[in-house]
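# Quick one: sequence plus predicted model below, questions after.
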Amino acid sequence: ISYWVSLNPIRITVLLLLFNASIVQAGFLVEDHSLTASDATEHDKFGSSIAISGDTAVIGAPDNDDSGTDMGSAYVFIRSESGWIEQAKLVAPDATEETNDGVKFGASVAISGDTAVVGAYHSNQSGAVYVFVRSGTDWIEQAKLVGSDTAAWDAFGYSVAISGDTIAVGTLGSVAAYVFTRNESNWTEQAKLTASDAATDNLFGANLAISEDTIVVGAALTSSEAGDRSGSAYVYKQHGSEWSQQAKLTASDAAAYDHFGDSVDISGNIIVVGASWDDELFEDSGSVYVFSREEDVWEEQSKLLDPDPAREASFGESLALTEDALVVGNDVYQHNGDTWRHRASVRPSDSKSWGMGSSKSPVDLSTSTVIVGATNSQGAGIRSGSAYIFDLDCNAEKHNLPPNQWHQISLPCNPDPNNTLAAVFGDDIPGTYGTDWMLYKDAGVSKELLDEGDSLLPAAAYWIIQRSSEDMILGIPDGSTKTPVTISDSCH
């Protein structure tokens, strides 16, 4: 938040900066948009599952009761010039309360381009997955997928993922995952994936991800020499129409009850795996492991820990990955060579977002857009749910700051990877620092003059003073808002 004022007659421009987000140190980013269902009601749990591809997002509400108790629904939102708008509401076309109570349609969702996938793991007791394609502004059901050998309580559709014309479907009760491929508009089962050392009740298939010809499947309750439920993840590679296991991933420092494999994602030759019960910092504080592939060999690259650790925080329970960025719960990381730098934390601005902003929040990521679910949000009643969009794009626009008027500036992203005073403002303010302009840190009663190399810290207030006959023009990130506020009499 920033407040601007230019004072006559000596033309001293004063800028008060309240840095809610640090640029290198992790700060807080406030959402650019908040999403709710147009027909939201209490206990819908909108935001339980989320997926984003480009300018389209799909959000599940598995407890929506419009078609019957816990029948569920999913909502499609698109980005427009005016923001994000609801384009469609998806439901299971063949589900009725009389024959199929509580299908949990929307418990899992995925999207790739104009194809959306929605899981309904309780459909007909064994589960099903529905595929929708976009035609203009309409979404039409293209297929209903079921496993060739699924049985009651397998929870087929508990997890779903899509990449182009390939869909991966996970189960909760059968220790298997299924692969479907599309030929024109027809979907057929191509493979059933199981672990080379399959064991019952290890949660194999409870979560999975796909990137082109590679699938990763989590099995968080796998036991090993490291201890009970230390966890694992399995990687499968496509060869023609066949899929074979390429690797079994485990943590280099695995320990009992770490639940490695609680969450997984993949982008190209990088896989991330959550171990939400890892005790390295505190009991169940959690961690995330990064693996990279060289040719056909996967090796552990790094381990990430909660930047703000707490007991039972379960860091790593939800995550999303792209080529250059990683989101773990509410924490955003930037890829830099072989390292991952904590860039910022995302937080909702409103007071009705309880349930979002923790490591357990459902998340997804597409290029520079983060979407986070808040299933317990109470905007339309208890647990009606919501989702929040955060734009990480930092393209700057020049903003003219006229004299004799306050302005409130909201910075939605970090404008520069370097957070020193000179790096942030040096190119925008004319003159020599210390003579023509200077920056003070608010230290309570006193103000502390900073050097050009000093870093700007989160949650601190700063004053910029510029002696000039010109209005100040600063580069503000694209998407920032500027709201005029009546000038105080004390500023004359």
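Great, that's in hand.
# Find me the pLDDT at the nearest residue to residue 219 once chain neighbours are set aside, would you?
Once flanking residues are discounted, residue 219 sits nearest to residue 204: 4.0 Å by Cβ to Cβ, 6 or more residues apart in numbering. C-beta coordinates here come from the backbone N, C-alpha and C atoms, glycine included. Residue 204 carries a pLDDT value of 96.
# SS state for residue 204?
Following DSSP: H, G, I helix; E, B strand; the rest coil, we place residue 204 in the coil state.
# Residue 172 too?
coil.
# Verify the stated contact: it with residue 154.
Yes - contact status for residue 172 versus residue 154: in contact at 7.2 Å, counting by Cβ atoms under 8 Å.
# Neighbour count: those two, which is higher?
More crowded of residue 172 and residue 154, by other Cβ atoms under 10 Å: residue 154, with 22 against 19.
# so how far is residue 148 from the more buried one?
Residue 154 sits at a distance of 12 Å from residue 148 (criterion: Cβ to Cβ, to the nearest Å).
# so where's the stretch 301-450 of the chain shaky on pLDDT?
Judged by pLDDT under 70, the stretch 301-450 of the chain has its weakly predicted residues at 349-359, 393-419, 423-430, 442-445.
# can you map out the strands along it?
Assigned by DSSP state E, counting those that start in this stretch, the strands in the stretch 301-450 of the chain fall at 319-321, 325-328, 331-336, 339-347, 363-366, 369-374, 386-391, 396-401, 406-410, 437-443, 446-449.
# Let me know which of these is the nearest to residue 70.
strand 369-374 (17.6 Å; Cβ to Cβ).
# For that closest one, C-alpha coordinates in PDB please.
Output of strand 369-374 as PDB, limited to C-alpha atoms (Å, rounded to 0.1, in the frame of the first residue of the first chain):
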ATOM      1  CA  THR A 369      -1.200 -17.000 -12.500                       C
ATOM      2  CA  VAL A 370      -1.800 -18.700  -9.200                       C
ATOM      3  CA  ILE A 371      -5.200 -19.900  -8.100                       C
ATOM      4  CA  VAL A 372      -5.900 -21.000  -4.500                       C
ATOM      5  CA  GLY A 373      -9.000 -22.600  -3.100                       C
ATOM      6  CA  ALA A 374     -10.700 -21.700   0.200                       C
END
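# which residues are in contact with it?
Residues outside strand 369-374 that contact it (Cβ atoms under 8 Å, 6 or more residues apart in numbering) are 46-50, 52, 57, 59, 320, 327, 330, 332, 346, 348, 353-357, 361-365, 385-392.
# strands paired with it, and their directions?
strand 363-366 (antiparallel), strand 386-391 (antiparallel) (DSSP bridges).
# Give me the distance from the last one to the chain's centre.
The gap between the average C-alpha position of strand 386-391 and the chain average comes to 8 Å, counting by Cα atoms, centre = their mean, to the nearest Å.
# now that strand against strand 331-336, angle please.
30 degrees (axes from the mean of the first three to the mean of the last three Cα atoms, to 10 degrees).
# now strand 386-391 against strand 339-347, angle please.
Using the same axes, to 10 degrees: strand 386-391 against strand 339-347 is 130 degrees.
# how long is stretch 213-225 end to end?
31 Å (Cα to Cα, to the nearest Å).
# Rounded mean pLDDT for it, please.
Mean predicted lDDT for stretch 213-225 stands at 95.
# and that stretch, which residues are buried?
214, 215, 216, 217, 218, 219, 220, 221, 222, 223, 224 (16 or more other Cβ atoms under 10 Å).
# Okay, and the residue nearest to the second one when sequence neighbours are not counted sits in which element?
Same thing as residue 215. Distances taken as Cβ to Cβ, 6+ apart put residue 236 closest to residue 215, at 4.6 Å, once the chain neighbours are dropped. If you go by DSSP states H and E, residue 236 is part of strand 232-239.
# What is the end-to-end distance of stretch 325-336?
First residue to last in stretch 325-336 (Cα to Cα) measures 9 Å.
# And stretch 59-70, by the same measure?
Stretch 59-70 has an end-to-end distance of 16 Å (criterion: Cα to Cα).
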